[in-house]
Each structure stands twice: as C-alpha cells, then as structure tokens.
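1. predicted model follows, preceded by the sequence.
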Number of protein chains: 2
Amino acid sequence: MKIVSLEERGFTVELKAKLGKEIILFDGAMGTVLQQRGLKAGDVPEKLNIENSKEIIDIHKSYLKAGAEIITTNTFGANALKMQEIKYSVEEIITAGVENARQAVIELGVDAAVALDMGPLGELLEPMGSLTFDEAYDLYQQQVLVGVEYGADLIHIETISDLYEARAAVLAAKENSNLPVFCTLTFEEDGRTFTGGSIRSMISVLEGLGVDGIGLNCSLGPEKLEPLVEEVLEYSEKPVILQANAGLPIVEDGETVFKISPEDYFKPLARLYEKGLAVVGGCCGTNEEFISLIADNLKNKKVKERNVINESLVCSPSQYVNLAGVNVVGERINPTGKAAFKQALRNDDLDYILKVAVEEVDAGADILDVNLGLPEIEEKEMMVKIIKELQGILDTPLQIDSSDPEVIEEALKYYNGIAIVNSVNGEIEVLENTFPAVKKYGAAVIGLTMDDDGIPDTAAGRFEIAKRIVKKAAEYGISRDKIIIDCLTLTASAQQEGVKETLKALKMVKNELGVKTTLGVSNVSFGLPARPVLNRTFLSMALYQGLNLPIIDPNDEEMMAAVKAAAVLNNIDQGATEYIKYMAEVETNSAKTENSQEKNKSHDL
Amino acid sequence: MKIVSLEERGFTVELKAKLGKEIILFDGAMGTVLQQRGLKAGDVPEKLNIENSKEIIDIHKSYLKAGAEIITTNTFGANALKMQEIKYSVEEIITAGVENARQAVIELGVDAAVALDMGPLGELLEPMGSLTFDEAYDLYQQQVLVGVEYGADLIHIETISDLYEARAAVLAAKENSNLPVFCTLTFEEDGRTFTGGSIRSMISVLEGLGVDGIGLNCSLGPEKLEPLVEEVLEYSEKPVILQANAGLPIVEDGETVFKISPEDYFKPLARLYEKGLAVVGGCCGTNEEFISLIADNLKNKKVKERNVINESLVCSPSQYVNLAGVNVVGERINPTGKAAFKQALRNDDLDYILKVAVEEVDAGADILDVNLGLPEIEEKEMMVKIIKELQGILDTPLQIDSSDPEVIEEALKYYNGIAIVNSVNGEIEVLENTFPAVKKYGAAVIGLTMDDDGIPDTAAGRFEIAKRIVKKAAEYGISRDKIIIDCLTLTASAQQEGVKETLKALKMVKNELGVKTTLGVSNVSFGLPARPVLNRTFLSMALYQGLNLPIIDPNDEEMMAAVKAAAVLNNIDQGATEYIKYMAEVETNSAKTENSQEKNKSHDL
Ligand SMILES: [Zn+2]
Ligand SMILES: [Zn+2]
Ligand SMILES: [Zn+2]
C-alpha cells in the first residue's frame, strides 16, 4: 500500500490551508448529467470511467471551467458489493475514475483537487440489514486504498443516510490514508436521516472521528436544507459543506427532472454563505451552470466567522445528551453482587440484560452504563455483542464500563455514537493505554481521582489527580469538554470524614478545571441502616455542588425524584416542567399499580 | 429610691477593677457560726442584726481580720415572705444588716466591700410551687432597694437551687441598682440543682442577664464540687466564685457538724485556683480559720488565665442546645393556615397546644417555635401563658415567634432559660425596638435578610442586610454568637432563580459573618406537586451549606431522616450513632403501628 504523503502533493496542502478560511467550490452532479447525456436508467455510470472516459473527462472539464476547485471522481458506487454486477474490479473502476479526473485537471492546467467519491454501499447495515460493520469497513477500505494509491487528493464520503455506515467509511478513510476526509449525509425534510439520525448526533460522531469537513448533500433543494445547514453552522466547529439537489426529482414523461434554476439555487446559498458556509457545490440535477453562478458570486471569498455553540454531547444516532446538564446514568447493567445477572451472562441470556436496559430507560435513565466484568466470560466479545444488541433496540447513549483498554477500544469501535468510557484513573500507564482510543472515537471519558497510591484523603489531593488526568488528556488532544471526573464516593460508615471531601473536590474540579462530574452514589450508605435516606440526601448535596452525571438505579423512584427536584431547585428545570411531568407519571403509574392490585384482589375473592 | 452611683463609692470601683484579675476573698459562714455561738435551731438569725448587733459585727470583724475583702450582710432570709414571722420589717433588718457590716469595716479601718446577701425566698415558684415570678421579683426588688439605699457595695445572690428564682433575683438586682451582682447556685452531687438545673444552663442564663460573677455555694464540700466548678471554669466567661461548705452537714449528738478541716478544705481550692477560680470564700461550717488559710495562700494572687470554650447555647434549666450544631426547630405551634389550631387559641384550649408541643418533642424537635399570632387574641397574654405552661411540662428550649417587640420582651421576661427571638429584620426601627430586650435577657435572635424594600434578589443583597443586622446588634452589645440569620426560602414556583441565592447567601453569612443560620424549609415547594420531595431535597442542600436550625415539622419522618442523614454525611454525627438510633426508633414505631393495625384488623373480623 502506497499512501502518498500530504507533503508530496502541493494542492492538498493549499486546500487544507484554504479550508474554512476561503470558500472552496465543489463540482456539481455526475449521475444526472450523464443521464441528460443519454445514460439509460439502470446502467452503471462507473463503467463509463473505462468504457467512455472521454465523456467523463469532458464533464470534469466543464466543472473546472465553471470554477470548481474540487472535482469528484465518478466512483459513487464503486464498491465491491455494487460492482459485482459489472465485469470490472473496484481497482479498475477507481483507478480509471481518479485518472479521468486528474486528466481533466492536467488538460486544463488549473489548480484543482481530485476527490475520491464514496457513496453508500447499497445494502443496509445491521441491525436493519445484514451487512456487518466490519464488512462495511472492508468495502470502504478497499476503495480508500485504491484511491490513495492512484493519487486522490481527498476523500469525499457522501449521500450517506445511516450514521453507522458513515462511521465505517470515515474510519476506513482515516485509518488508511492521510488525506483530508469530508463527509456529508443526506437528510429528509423532517431533519432526520432515513435511519433516524439527527444533525447533532452527526456532528458529534463525525467531529469525534476527526473529519475535515462536514455537511449535507442530495435529497432536497438548498432552500429545504437551509434550516438543517443552519443547525450544522451553529454547532459544528468543522468547515461546513453543502451540495444540495436542484430541488426534489420529479418524473415528467418518464424522465426525471429537477426544477430549480441556477438563480433560485443560489439564493439560499448566498444566505448560508453569510452564516459561515465554507464548501459549496451541487448534487443531483445541478450542472456547470449552477457551479458557474456560484463561482461568479463566491469564489475565493472569505468564509464568514461563526459563533459556534460548543457543546459536549454523548449520543446515539437519534438521541443526544448534553453533558453540561444533569443526566442520570443507569447503573443496573452490572453483574457485581447480582446472582441473576451473573447467571444471565454465563448463559449468554441477552434477553435478560436487554430487559434490564429497557426498564432503566422506561424509568428515565438518560445514559446506560454497561459493565460486563465477570472473570469467567470473554468480556470483549460479550461487550461488543451487548452493545450491538442495545443500540439495535434503544436510542439511549451508552457508557462503556471496563478497566480493560482492549475492551474499551473494541466497544468504541462498534458503538454507533459517542459513548462515555468508564473509566481511567490517575495512573499514567492506564491513561496512556486508554486515551488513544478515546481520542480516536471522540469519546467522553470518566477519570477517577485515584492512582497507585489509592484515593487521597483530601479534596486537594483528589483535585491534583484530576489535574493530572486533564493534562495528560490534552497531550492526546482530548479536550476538557470530554472529561468527566469522578471524585469517588466514600463509605460513611468507614471513612466518614471523607464524604465531605468528595463533595468539596467535586465543586473544585468542576469550577477550577472546567470538566464535568460524575459520582456513583449508593456506596455512601454501605453498612448503615435506611440506606435510601442516606443515598438521596448525599445525592441532593452532590447535585447542589454541581454533579452532572449521577450513576444510580433509575428504577429507584426516590432517587429519580431527588434528581428531578434538584433540577428545579438549581433552576435547571425552568418552570419545573420536567419535574411536574415526572411526578404526574409516577402518580399515574402508582395509580395503575394500585388498580391492578385491586383487580387482582377482587379476582382472588 | 436612691441608687448610689459606682463613682460615689471608691471601693466598688476598685473591686470591679480587681475582679477576675486578682483573687477576691469572700468571708465564710454566718448561720453556722451563730449556731456555734449558741443560736438555737429554729431561731431567726436575721433578728440578731437588731437584737445583738455586737455579735454580728464581731463575726464580720473576725472575717475581715482573717483577710476577707467582701463581707456578706446577715440578710440571707431577709425577704418579706420569711420575715412575716418576726416583728421587724425587711427594711429594718436589711438596714441593720448593712450597717453592722459597714460598722465592722469602719472599726477595723480596712478596705472591704459590703455585699447585700440574698438567699432563696423559702417558697417554690410556679409551676412547682405557687409563688409567681412577679411575686418573687417583687420580694427581691424590695431587698435590693433597701440594700442600695443603705449603701451595700454589691449584691450577692446565693444558695439558690431554682434557676427561675435566680432569674427573678438577678433581674431585680440589675433593674434596681448599678451595683455588681454575683450569683451562686447550689448543686447536688449529680451536677444538677434541686430543681434539675444544669451548670451549662446556669452559665447561659446568668451570663445572659449580665451578672458580674457566677459560681456555686453551699451543699457540699469543695472536693465534691470541684468537677462542677471545673465545668463553670471551662465554659463561663465571668469571674468564677466558689463558697463551698466544710463538707456535708452531719448530725452528731443532736448537733450539726462539718468534718472538713481548713487544710483539707483548701486543697481543692488550690487546684481550682490553678484553673482560674477568681472569687473564693466559705459557706456552712466554715469560719475565720478557713478564710485565714485561704488568705495566707491566695490573697492578691493573679487569677490564672483560662481558655474558655465559647459556646452559643439556648436552653431551659435542664436542657441546652448548642447553636453551632444542627438542631431541629419544630414549626407546628403556629396557627397560620390551621383551623383547629386557631380554634384552640380562640377557645383558650391550652391542652390542644401542649399536645402539639409534646408530639413535636417526641418526634425529636430540639427547639420549639411558638407563634400565637392571631388578630382576635391578646397575643402578649397568651404568649406568656403558653410559655409558662410549656416550660412547666417540657424541657425543650423555646423560640419566641412574634413581630411585636412588646410580646417578645414580655415572653423573654417569663421564659426560664435562653430563648431564640424570631425575628427581627433589616429595618432599623425593628432592630432598635427589639434589640434592647434581646440584650437584656441574653436571648439569641433571628435576623431575616429583608427590609423595607423587601427581599433582595441576590445573595450579595441579602448578605448586606445580614451585615447591617450584625453591626446594629454590636451597638447593643449583642455578639455574633447570638445572631442567627434567616436568608429566607423563596418559592421555586414563583422565584425559581432565587432558590439558589438563598443557599449561596446562607454559606456567605455563615462563613464571612460567623453567625448561625436558620431556614423555614417548606415554603420552597409551595404550588408544586410532591412537595415533600422538594422540601427534603432543598433541606439536604441547605444542610450541606451549613444550615444550623432547620425550621420544619418534626413529625414529618422524611424531613427528620434527612436531617439525621445529613449529620452523618457532614461528619457531625460521628460514627452515625444518632442516625442509627433514630432509624431504629422509626422502625420500632412503624412496627408498633403495623402491629396495632393488625390487631384492629383481627378485631374487625
Ligand atoms: Zn444527489
Ligand atoms: Zn451553706
Ligand atoms: Zn452560705
């Protein structure tokens, strides 16, 4: 495998320097232009790279003449799965595709980059389809390797509607090249991708994986996509890309047509330019006229500055949790001290574990901790299996609870979202073993304020460890937003003076280090009577101190009630809306329970 | 009435200057010396002031020769109640008594002060006896006025075993003279007075009333009294006085004898001198030999410095509450919003109110708030009546809850202990109307952080009002230990952002002003569902912030449980002893309730 370094390719360096500072112009459609030029519906456009390279080069040249600075290879579907039906190999198609684009650039003698185009694989991934994540990765990897070898300047992943598939593609691109990676997803008018993914989750996941440009393409005209692009501009720190369609495709007299004129196409782009759009081009239905009009108006213009809302989210494709708020982490997926759970793990009884998870979510957990540590099972395999199952049936973000860096890395790889890693501690070796994967997948990470010498007695001692964790994280490029410090709840019956130190440390690390905080709560009452009273009193205190992520049993109504009440008192749940809703549900549920008990009673009589 | 100013009497000025800095020597017994000299048991010794003044002067002189710097008039029982049985008036007896003592001083030409001696009245006060507090006051006032007029140098109240009686005497002395006032109580070997009063309550009450010297006399020998005197030395800021007996009186051959020798008597005094004793003399069984021996060893010696433990207590005679801890104030004696309570007040149904009080105490209230504000009743009369009833049946300290300075003053006058006044606020007029009585009776006082302009929105605004209250209090000689600031719980449903300001202000006033804190809690949840959840969550937060005096319904087990749990978590209830005890009681009680319900059930069947 020959990966061409950025240094060897001048334009890519220039592109990178320009990206996000000056507008970069993409080309427009390939497929619909080919159809206009006579390609029949059902024909495979990628074949033309070999069978009619002149036509392809001609289209590339028309975009270059219009002003495009990046042209996209005619390789949208050039993956081994889709190419089964034709006689050419992926390598042949992609080689020809890159060469055609390069040829156009050379013939015109312009400065332009060649983007290796990678579209969806054409089959749904698990759990909706049968394609595994690893298979998807392999398919994309093959394309990337060929593209890199034959000199693509960047990798452009586009028209993806499943975030999991985008993850496989981006990972394959990042792990097998040094090229800039752009990724644009396709959204429906309701602001979701076909598989339910949201803008905010897309931003978190793709930024977490380190893409160089992020945005939307295809499906709708630019006016319909405008509010969605605005959301990306509001929340993403990366250069924002838009390649809209020339409107929705309409079938007239058996032909697919796009009704938006270049002028109408440009109007929303002009508005989005004012809001900070950085990379712009066209998708289906656009042609060189569209690009030419954009070039006339925007080429080389400075990208407008944005005030990005910098949030720290964990997410599944469709659901996100802002770590700055107060969110309940369900603690029940954990075999420690639970015979039935252990038995389920030993018996590979996934239903049992999924049932626990569903109960936690129904009770209001915002995040689920997943701990499968049991000596007699293969933790790594089981973790991946359970994560796949959980993300198949639930939208709640997950927290990977393991002390084994390999388990953590594998879990992060297969988790379709941004997870929390639980946990690292102040030991340098632990940090060095775990942080690379945390960084790679953009995960959040819990740091325990303990190290080889145990848990410091004082808040100041625990603060020092938190500082060490934050500093080491920075060396790996992990920002403070992604760090959650656990100041460690001590047991009042054994270390009573330490209980207050935990709460003191919590406020210190939060205010002075600007990190988020978590605590497992129930340990505080170990060995004392009326444990729920101590637990909820301690929880209330910790929430007052600014606890973000209480790790509790969400099926304990009293604990949940304390969380909801604290949010009212801390002026987080403004107007007490959530509190009132929660209490009404609790009442309804208990009324139901009573009713059904009543019924059972009369049944007995 | 002619009150001789201190300026007119040189010795008193000198005495005051010496007090607490150099040892001051009192004289020894009068009564037992007279018996040794032939006074028959049953005879009234005070008669001898008139009928045998030579003998009295002679005894005084013997003490002066032995080195006494204060001699005590032979007026121990010279009150109108006891003097009914003799033909002389109180005025005649006291006049003669003071003149005899003065005569002895003049004859010997020494510098010595004449102390007007006032003993117990000889009848028990309400509720144990029938004597009212006002009657007791009047009896003492009569003595004081005569003593002052005839030139006593100080007032010495002694051998009192009822703190209420001591209060009447000290108040009469303070309100009717400018003389130094000493007060010594008589304790049993168990550390209590005959009526159950404790050393700590004595200290608080007498210091609160502004006595100039405090201590113990009579009943036991100095060795038996030593631990009690040590406790006074440990906790009282006032010069400490001891006039012990020469041992327990023993009847031998029909004669009362005291067995301790001057040498044995002195040994404990020498030890107590090392610990800071300031005023020393003798009681029953002592004579000039005892005083002479003390003088040989201690006269004019410097009083040793003490490290006094400076506590802020509120108390009844037998029970005290340290305001520095966390103590529950029962809120239920209050007609606001309670029809039955209002009706009880209107019907003068004291039993109803007492029943509420007993329930609160049984549930664990440490202090009872007493609010009787109802427009149609005479608040002042009712307040005094209820306070007398409450202190007759309960030992729990009281909190006088009224906005009328007259009601407060009258309540403080009749309250046998140190009460909390609830409340003043930041209005200067309110402070000026209320602080004189607070100072006079040594009460603690709650200051609300509001004024004519209402409640400030911010913690800083409330802190400013607290500062103003503390500053104004200092002008009246009220120290910070006596000040409890209420930062005012706002209603989350109406002023949600203000809830946190209250908790912030609480910590500010506590840490920066060094005052104690209180909060009524339940207001926070007004207008929201599941109020107990909000109340106990808010309470937990406030306790973490350092709340000293939650004002709550102690019969609400969840609220009490939160208080007990917070004390464990804040490391106040060390070893969780109180918590475990409380939870065991709750369990026992609920088991009892269940059992009795079970019984009722089987009864029904
Ligand atoms: Zn398209
Ligand atoms: Zn005596
Ligand atoms: Zn005496």
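-> Sure, I can see it. Ligands and ions are numbered 1, 2, ... in the order given.

2. kindly export stretch A:295-310 (C-alpha atoms) in PDB.
-> Provided in PDB are the C-alpha atoms of stretch A:295-310 (Å, rounded to 0.1, in the frame of the first residue of the first chain):
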ATOM      1  CA  ALA A 295     -18.200  30.800  -8.700                       C
ATOM      2  CA  ASP A 296     -19.200  34.300 -10.100                       C
ATOM      3  CA  ASN A 297     -20.600  35.200  -6.700                       C
ATOM      4  CA  LEU A 298     -18.500  33.400  -4.100                       C
ATOM      5  CA  LYS A 299     -15.200  32.200  -5.500                       C
ATOM      6  CA  ASN A 300     -12.200  33.000  -3.200                       C
ATOM      7  CA  LYS A 301     -14.500  34.900  -0.800                       C
ATOM      8  CA  LYS A 302     -13.600  34.800   2.900                       C
ATOM      9  CA  VAL A 303     -15.600  32.400   4.900                       C
ATOM     10  CA  LYS A 304     -17.700  34.400   7.400                       C
ATOM     11  CA  GLU A 305     -16.900  33.900  11.100                       C
ATOM     12  CA  ARG A 306     -19.300  31.900  13.200                       C
ATOM     13  CA  ASN A 307     -20.000  31.800  16.900                       C
ATOM     14  CA  VAL A 308     -20.200  28.100  17.300                       C
ATOM     15  CA  ILE A 309     -22.100  26.700  20.300                       C
ATOM     16  CA  ASN A 310     -19.600  24.500  21.800                       C
END
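
3. any idea how far it is from the chain center?
-> On the basis of C-alpha atoms, centre = their mean, to the nearest Å, stretch A:295-310 sits 24 Å off its chain's mean C-alpha point.

4. cool, stretch A:170-188 as well?
-> 12 Å.

5. so what's A:K299 up against?
-> A:I23, A:L25, A:G67 (C-beta atoms under 8 Å, 6 or more residues apart in numbering or on different chains). Where you see a C-beta, it was placed from the backbone N, CA and C, and this is true even at glycine.

6. distance of the closest residue in space to A:P405 that isn't next to it in sequence relative to chain B?
-> Nearest residue to A:P405, sequence neighbours excluded (C-beta to C-beta, 6 or more residues apart in numbering or on different chains): A:N433, at 4.1 Å. Using C-beta to the nearest C-beta, to the nearest Å, we find A:N433 at a distance of 35 Å from chain B.

7. hang on, A:N433 packs against A:V407?
-> No. Assessed by C-beta atoms under 8 Å, A:N433 is found out of contact with A:V407, at 11.4 Å.

8. looking at these two, which has the bigger crowd around it?
-> A:V407 (21 against 16; other C-beta atoms under 10 Å in any protein chain shown).

9. secondary structure class for the more buried one?
-> helix (DSSP: H, G, I helix; E, B strand; the rest coil).

10. quick check: it touching A:E379?
-> Yes. In this structure, A:V407 is within contact of A:E379 by C-beta under 8 Å, at 5.1 Å.

11. show me what the helix or strand harbouring the residue nearest to A:P405 is packed against.
-> Following DSSP states H and E, one finds A:N433 within helix A:428-441. Where contact means 3 or more C-beta pairs under 8 Å, 6 or more residues apart in numbering or on different chains; DSSP states H and E, helix A:428-441 is packed against helix A:199-209, helix A:405-414, strand A:420-425, strand A:444-448, helix A:459-475.

12. ok, the residue of the stretch 401-550 of chain A found nearest ligand 2 - contacts?
-> Closest residue of the stretch 401-550 of chain A to ligand 2, C-beta to the ion: A:Q496 (48.0 Å). With contacts defined as C-beta under 8 Å, 6+ apart, the neighbours of A:Q496 are B:V568, B:N571, B:Q574, B:G575, B:A576.

13. surely the fourth one is within a strand?
-> No. With the criterion set as three-state DSSP, the secondary structure at B:G575 is helix rather than a strand.

14. just the pLDDT for the nearest residue to it once chain neighbours are set aside.
-> Closest residue in space to B:G575, ignoring its immediate chain neighbours: A:Q496 at 7.5 Å, by C-beta to C-beta, 6+ apart. Note for A:Q496: predicted pLDDT of 95.

15. do the same with A:C315
-> pLDDT at A:C315 comes out at 98.

16. so it touches A:L206, yeah?
-> No. Using C-beta under 8 Å, A:C315 makes no contact with A:L206, being 11.3 Å away.

17. can you list the residues of the stretch 501-605 of chain A near chain B?
-> Where the stretch 501-605 of chain A comes near chain B, counting by C-beta under 8 Å from any C-beta of the partner chain, the residues are A:503, A:524, A:528-530, A:533-534, A:536-538, A:540-541, A:543-545, A:561-562, A:564-566, A:568-571, A:574-576, A:579-580, A:583-584, A:586-587.

18. do chain A as well
-> A:492-493, A:496-497, A:499-500, A:503, A:524, A:528-530, A:533-534, A:536-538, A:540-541, A:543-545, A:561-562, A:564-566, A:568-571, A:574-576, A:579-580, A:583-584, A:586-587.
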